[in-house]
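[1] dropping the sequence and predicted coords here.
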Amino acid sequence: MRRYYFLTKEDIYESLNRLRDSFLAAKNGSEVEEIINAILTADEKLRIGRRIIIAGFIKSGMTVEEIVRMLKVGNNTVMSVAKSLEINEQGFNLLEQRRKKVEKEYQNRKYKSVGGSTKIFKSKIYTGFKRKDVKR
């Protein structure tokens, strides 16, 4: 927060509340995507996503050197994420639980089995269901 030393506590709380309100305003994945595209740059989206991936690797027991080599990130980035993970582990757990729930629903609904009752091996057709179609 050194960069924003001139902000008062009220300014900081107002900013964080607006961010929280923005994400809570979404009803489904399409709206989440619209909100993310509206308020985050491509670089910010990529950075946030990679931090989540780094946290997952840390939780799986990978070493800092392995993560740095695999993702081509700096030691400071990995250590920063490790510190955040230590402080806010529940937040990262919620992210992981939600990711698993979305992936499960997506896998269950992206294909539909079709064929008559006598057909043993049903054909699967793509339904057009996307991850962003998963309900909140």
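    Arrived safely, thanks for sending.
[2] can you pull out the strands in the chain?
    Assigned by DSSP state E, the strands in the chain fall at 111-114, 123-126.
[3] redo those strands as JSON lines? Include distance to Q90, mean pLDDT and mean neighbour count.
    Backbone N, C-alpha and C define where each C-beta goes, glycine included. As requested, the strands of the chain are exported to JSON lines (distance: least, C-beta to C-beta, whole Å; pLDDT from 0 to 100; neighbours: other C-beta atoms under 10 Å):
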{"stretch": "strand 111-114", "distance to Q90": "34", "mean pLDDT": "84", "mean neighbour count": "11"}
{"stretch": "strand 123-126", "distance to Q90": "36", "mean pLDDT": "86", "mean neighbour count": "10"}
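[4] export the ones you listed to CSV and tack on distance to R18?
    As requested, those are arranged in CSV below (distance: least, C-beta to C-beta, whole Å):
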stretch, distance to R18
strand 111-114, 40
strand 123-126, 39
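[5] and of the ones you listed, who's closest to E89?
    strand 111-114 (35.0 Å; C-beta to C-beta).
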